[in-house]
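>>> no sequence for this one, just the structure:
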């Protein structure tokens, strides 16, 4: 069990929604907070609120900006002490039809949803490994990252990437003997303002000068519908925070907010196992070889 009190957490996308819920939960555990967001106004409000409970340093950060990420990481550690809890939470969502997909939107979603996680991991992981102390990383994916539903290929693909990255990283850290855990947070519906913030980001990244009145009305309707859905059926972000705290404390690989993906997960597992060919002697030899390789990696990391 990881003791949280007195640690420093670095949380991206922390000014509102799930990120703020996580920050609040960590603050209650006595964790110092370095919070980042791209929204200065929301960040100022979050800093004022959280500062009443713990030490806080707030920074405007676009998680795609690697030099800024490194600079802010340095400043955060100078002000609050070594970061041993990293939460890569910043993200962009929202439904997109196939006709709306573009290179600009692929770059935006992949750059934030996967690239932001990569930048957080690559900025902090070498520091954590060098210190050799217990630490934990949390990467925010999505329930549809576990079992894509077909609602938005760009979004679901980017979140599936976060799931794969997190699982692979956690396993390799364990094999190499580092006391660093990894949790992938897979939210279902959460009552956030994601629809509006994501639309703003999309409009900035891929402005459409040829948008018709019908296009704008469709976008307005989609934003209203998604916002209404999240507000009426979404979990409270302040309920997600304690879920993450418990996952970090216990070292859980997955933190899932609801059972909305249960049916899709079952279908996916059935399809995967159905696609497996009959077992052969070659499969047995491969299993033995891979087990030997894993043991060798563990031994090499200990030497």
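On my side now, so go ahead. Keep in mind it's a predicted model, so treat the numbers as computed, not measured.

>>> And the strands in the stretch 201-303 of the chain, which stretches?
Taking DSSP state E, counting those that start in this stretch as the criterion, the stretch 201-303 of the chain contains strands spanning 254-256.

>>> next one: the stretch 1-150 of the chain
Going by DSSP E, counting those that start in this stretch, the stretch 1-150 of the chain shows strands at 8-11, 32-37, 56-60, 83-88, 135-140.

>>> For these, give me JSON lines that also has mean pLDDT, mean neighbour count and distance to residue 112.
Heads up, the C-betas are built off the backbone N, CA and C, glycines and all. Below are the strands of the stretch 1-150 of the chain laid out as JSON lines (pLDDT from 0 to 100; neighbours: other CB atoms under 10 Å; distance: least, CB to CB, whole Å):
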{"stretch": "strand 8-11", "mean pLDDT": "98", "mean neighbour count": "27", "distance to residue 112": "15"}
{"stretch": "strand 32-37", "mean pLDDT": "98", "mean neighbour count": "26", "distance to residue 112": "12"}
{"stretch": "strand 56-60", "mean pLDDT": "98", "mean neighbour count": "20", "distance to residue 112": "15"}
{"stretch": "strand 83-88", "mean pLDDT": "98", "mean neighbour count": "26", "distance to residue 112": "10"}
{"stretch": "strand 135-140", "mean pLDDT": "98", "mean neighbour count": "26", "distance to residue 112": "11"}
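
>>> Between those strands, which one is closest to residue 48.
strand 56-60 (8.9 Å; CB to CB).

>>> if we look at the closest one, which residues are touching it?
32-38, 40, 43-44, 46-47, 50, 72, 75-76, 79-80 (CB atoms under 8 Å, 6 or more residues apart in numbering).

>>> shouldn't residue 252 be in contact with residue 183?
Yes - using CB atoms under 8 Å, residue 252 makes contact with residue 183 at a distance of 5.8 Å.

>>> And residue 179, how far from residue 128?
Counting by CB to CB, to the nearest Å, the separation of residue 179 from residue 128 is 9 Å.

>>> Same question for residue 51.
26 Å.

>>> Tell me how far residue 258 lies from residue 236.
Distance from residue 258 to residue 236, by CB to CB: 12 Å.

>>> sorry, that was for residue 294
41 Å.

>>> same deal with residue 6?
From residue 6 to residue 236 the distance is 27 Å (CB to CB).

>>> now swap in residue 253 and tell me
24 Å.

>>> Give the burial count for residue 155, as a bare number.
23 (other CB atoms under 10 Å).
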